[in-house]
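Asker: Got a predicted structure here, sequence first:
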Amino acid sequence: MIAAPGVHAAFQTEAQGPEPVRLLRQYRPLFQRRPRLPDGTEWRYAFLTGGRGSAKSFHVAVFLLNLTYEAGHVILFTRYTLSAADVSIIPEFREKIDLLGVEGDFHVTRSEIVNLRTGSRILFRGIKTSSGNQTAALKSIQGVTTWVLDEAEELVDEATFERIDLSIRHKTLPNRIILVLNPTTDEHFLYRMFAKEPRADTLYIHTTWEDNRHNLSASFIERAVQMRELNPARYAHIFGGAWSRELPGLLWNRAIIERCRLPVGPEEFRRVLVGVDPAVTANMESNETGIVVCGIDRHKKGYVIEDLSGRYSPNQWATLAVSAARKWGGSIVAETNQGGDLVKSTVQAVDRGVRVIDVRASRGKYARAEPIYALYEANAVFHIGEHPTLERQMVGFNPDATGSLSPDRVDALVWALTALMLKGGEVGVA
């Protein structure tokens, strides 16, 4: 069971699930009723970092649900890109509600969770949507006491962060800004703002999979240990949650990506495809499912429109991919020899009216990506807005490196742009 100061009584009972809920000791300061550091200073920021399997998401969800038992809270939960909270985030919160056995205390909709005892609520929003940057709309939400920036490494615009930060100024309840991230490179503004030198107004919590190993499968632990032995530097970054210097990949670099960036796309696309690179499993230990929307205009220029990738169940990623295909009037493209039949059947279970194009890989990841990189060099592909996680994966793309994780987003990008822009030899279209 949870045993920490400030935890509501409803959370201090045995969970209704198979095991009691246990907090990692590092997270107990987050659950104090008042946001105080050990020296008594009140903190405004909580900087929560860790690598894969470090239980950040679990503790944040439980903390926020717990916080709603105090009346008067409006909690704004954001990601830089958040296409469908009811698919990507709210199921995680539902799982925690069920685990804690407090289903009767909450009303859950597609975009918010309301505590029926107190009226406090959690709102789920994206900073960037298909309509553009939503900073002004987020700032206008009344009564926000707590702002959570999940996957904070995806936000690269410091000015956007500062505008939302300064809008959190409740007069009576404590104001909290909670940043949740897998540390990226030391070029990120959050490194300079929070990590380079400790701040007196910030609660720092860092965990790794080793702190959470009692909740992890043997296969996850085996993979972590293997990477630690084969590639210690990459292990420190991916599993240890250490900040790193941006290492060059084999193809793209930042200069090329920035050169091809546009604030808005063309008025009309001649054709749009949703590239899908499905993960084999769907849990906290899985690779992500790559879902990247690309289009081509009448001048045969390519565009990266949306990156919807994430960790989803098959039904969840199929729902997102179908929604994107419907939104843009396009089809879905996926690799046949990497679960292509499964992709088609999963998509058709959601919507039989959406076409799925099978592509077959006859070459390795690098060989498939190289012709797409050549299109970038030729100024034939453009990014509409920012796609931070996809672009970071592109810059570090090196599929043959020892211990490399699956370049799921890049794979989805390559499938979509190849089918849109290249003819003959690179893929076979069924």
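Answerer: In hand now; what should we look at?

Asker: can you tell me how far the closest residue to Tyr80 other than its chain neighbours sits from Ala84?
Answerer: Of all residues not flanking Tyr80 in the chain, Glu154 sits nearest, at 4.0 Å (C-beta to C-beta, 6 or more residues apart in numbering). Any C-beta I mention is one placed from the backbone N, CA and C, and that applies to glycine too. Distance from Glu154 to Ala84, counting by C-beta to C-beta, to the nearest Å: 16 Å.

Asker: who's more crowded, these two?
Answerer: A count of neighbours by other C-beta atoms under 10 Å puts Glu154 above the other of Glu154 and Ala84, at 23 against 18.

Asker: Leu390 is in contact with the more buried one, correct?
Answerer: No - assessed by C-beta atoms under 8 Å, Glu154 is found out of contact with Leu390, at 9.6 Å.

Asker: Enumerate every residue touching the closest residue to Glu151 other than its chain neighbours.
Answerer: Leaving aside its chain neighbours, Glu151 sits nearest to Arg79 (5.2 Å; criterion: C-beta to C-beta, 6+ apart). Arg79 makes contacts with Ile89, Gly126, Ile127, Leu149, Asp150, Glu151, Glu154, as judged by C-beta atoms under 8 Å, 6 or more residues apart in numbering.

Asker: Show me what the second one bridges to in the sheet.
Answerer: With DSSP bridges as the criterion, Gly126 is bridged to Arg79.

Asker: Is there a neighbour count for it? I'd like the number.
Answerer: By the criterion of other C-beta under 10 Å, Gly126 has 18 neighbours.

Asker: Now do the same contact list for it.
Answerer: Listed by C-beta under 8 Å, 6+ apart, the contact partners of Gly126 are Thr78, Arg79, Tyr80, Thr81, Leu82, Ser83, Gln134.

Asker: still on that earlier bit, got the contact list for the residue nearest to Tyr80?
Answerer: Shown in contact with Glu154 (C-beta under 8 Å, 6+ apart): Arg79, Tyr80, Thr81, Pro388, Thr389.

Asker: Relative to Ser331, which of the residues you listed is nearest.
Answerer: Nearest to Ser331 out of those is Thr81 (C-beta to C-beta; 22.0 Å).

Asker: ok, now which ones touch the closest one?
Answerer: Contact partners of Thr81, counting by C-beta under 8 Å, 6+ apart, are Gly126, Ile127, Lys128, Thr129, Glu154, Glu306, Asp307, Leu308, His387.

Asker: hmm, back to that, CSV for the contacts of Glu154, including distance to Lys301 and pLDDT?
Answerer: Putting those into CSV (distance: C-beta to C-beta, whole Å; pLDDT from 0 to 100) gives the following:
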residue, distance to Lys301, pLDDT
Arg79, 29, 92
Tyr80, 25, 88
Thr81, 23, 81
Pro388, 23, 90
Thr389, 24, 90
